[in-house]
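Colleague: for reference, the sequence and a predicted model appear below.
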Amino acid sequence: AFMMNAIADPRQPYWHPGWIDPDPHYRAIRREHTKRALKLAQQLGAPHITTEPGGPLAPGQTREEASRIFYEELMPCIEVAEACNVGLLIEPEPELLIERFDQYLEFVARLDSPRIGLNFDVGHAYCVGEDPQDWVARMAEHTVHYHLEDIAPTRVHQHLVPGRGAIDFAATLQAIRNTNYAGWLTVELYPYLDSPDAAASEAREFLIRALAKLGATERAAS
């Protein structure tokens, strides 16, 4: 389950309200929404949910202050995650508090919970200059799930159908396979609101061909 908006207002960006919002009222909305999402995931049999990596820093807000707030808001949710036996995955995101894998590692070192994990988004990694194939093995012990999308050579954060951008999917998929990862590879193509079926079909066919070259089965892309 991928948890996005915490309020029913399509005018707001997906991360609003953020974990590190200066207003405690908005932080509480995100926190309580996350608790409800964890409980719903348990009811649905979903093994984990994904959440944003803190949100954007407010003007004048330091990384140290933002990290402290994120930690304090996240801890009650970790208690719920452990009680529900549902994973709470943090997904590094361009222009938010945790963009890079080293930032993720620094933050989660403070969280002593088996329910905390990484949602490895290959496109987000590429956007911040971290070629995903170089990071898969390094982050394997933390990675619980993968998001796949392509990104243009400019590294601008705009999701593309795999195969349309500059990410080296052959190397990335081989790196994932080398870790013996056996979970889902989820294609994330929310920009394609006008042609979702065509985008999904194109992505699936691309991944089937890419996986076939690695000797993987079609089931991995079904």
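Modeller: Cool, the structure landed.

Colleague: what residue lies at the spatial centre of this protein?
Modeller: Glu91 (3.2 Å; CA atoms, centre = their mean).

Colleague: so in terms of bridging, what pairs with the spatially closest residue to that one that is not a sequence neighbour?
Modeller: Nearest-residue entry for Glu91: Asn119, 3.9 Å, with adjacent residues in sequence omitted and distances by CB to CB, 6 or more residues apart in numbering. C-beta coordinates here come from the backbone N, C-alpha and C atoms, glycine included. Beta bridges link Asn119 to His145 when assigned by DSSP bridges.

Colleague: ok, now which ones touch Asn119?
Modeller: Thr50, Leu89, Ile90, Glu91, Thr143, Val144, His145, Tyr146, His147 (CB atoms under 8 Å, 6 or more residues apart in numbering).

Colleague: what's near enough to touch the fifth one?
Modeller: In this structure, Thr143 makes contact with Gly117, Leu118, Asn119, Phe120, Val136, Thr179, Tyr181, judged by CB under 8 Å, 6+ apart.

Colleague: quick revisit: now, of the contacts of Asn119, which are buried?
Modeller: Neighbour-count burial (16 or more other CB atoms under 10 Å) is assigned, among those, to Thr50, Leu89, Ile90, Glu91, Thr143, Val144, His145, Tyr146, His147.

Colleague: those residues: which two are farthest apart?
Modeller: Based on CB to CB, the longest span within these runs between Ile90 and Tyr146 and measures 13.8 Å.

Colleague: okay, now the unreliable bits of the protein?
Modeller: 1-15, 216-222 (pLDDT under 70).

Colleague: could you chop the protein up by domain?
Modeller: Structural domains annotated on the chain: 1-114, 137-222, as defined by automatic domain parsing.

Colleague: out of those, flag the one nearest Tyr126.
Modeller: Nearest of those (CB to CB): domain 137-222, 4.7 Å.

Colleague: my guess is Ile176 contacts Leu185, does it?
Modeller: Yes: using CB atoms under 8 Å, Ile176 is in contact with Leu185, at 7.4 Å.

Colleague: quick one: the helices in the chain?
Modeller: Residue ranges of the helices in the chain, as given by DSSP state H, are 24-44, 63-84, 101-108, 122-127, 136-139, 169-178, 196-213.

Colleague: kind regards, and thank you for your time.
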